[in-house]
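Novice: predicted coordinates and the sequence they were generated for:
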Amino acid sequence: MRPGDIVRFYTHDRRRSLENLGATPDWKHGLLVEYNTWEKIARILWNGKIVSVRAEATQLAIRAPENI
C-alpha cells in the first residue's frame with residue numbers, strides 16, 4: 001500500500017465483537033495517508049479525520065493512478 005491509495009478498513013470495537021462473534025466486519029473506505037511497514041499501522045483519511053488502523057484490518061481497494 002502506498003500513500004494516495006483508496007483502502008478499505010474496519011475498526012475493532014470490543015463491545016461489538018463480543019456481541020457479534022463470527023459476524024462480518026463493517027468495512028469503511030478512505031484515503032491512505034501514511035503506512036510504515038515496521039509500525040504495522042495505516043493512517044487513513046476518513047470523514048475529514050485521520051484515523052490509525054492496524055495493518056491487518058486494512059486492504060487495498062483501488063491503486064492510485066500515478067502508482068500504476
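Specialist: Arrived safely. Numbers count the residues shown, from 1 in each chain.
Novice: so, low pLDDT: which residues of the protein?
Specialist: 12-23, 67-68 (pLDDT under 70).
Novice: neighbours of the closest residue to residue 41 other than its chain neighbours, how many?
Specialist: Spatially, and ignoring its direct neighbours in sequence, residue 41 is nearest to residue 52 (5.4 Å; Cβ to Cβ, 6 or more residues apart in numbering). Where you see a C-beta, it was placed from the backbone N, CA and C, and this is true even at glycine. By other Cβ atoms under 10 Å, 11 other residues sit near residue 52.
Novice: next helix or strand past the helix or strand where residue 52 lies?
Specialist: Element membership for residue 52 (DSSP states H and E) is strand 49-54. Toward the C-terminus, strand 49-54 is succeeded by strand 58-62 as the next helix or strand (DSSP H and E).
Novice: check the gap between residue 51 and residue 66 for me.
Specialist: Note on residue 51: its distance to residue 66, by Cβ to Cβ, to the nearest Å, is 24 Å.
Novice: re the thing from before, identify the residues contacting the residue nearest to residue 41.
Specialist: 41-44 (Cβ atoms under 8 Å, 6 or more residues apart in numbering).
Novice: put the buried members of these into a ChimeraX selection.
Specialist: Written as a ChimeraX command, the selection of buried residues from the contacts of residue 52, which uses 16 or more other Cβ atoms under 10 Å, is:
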select :42,43,44
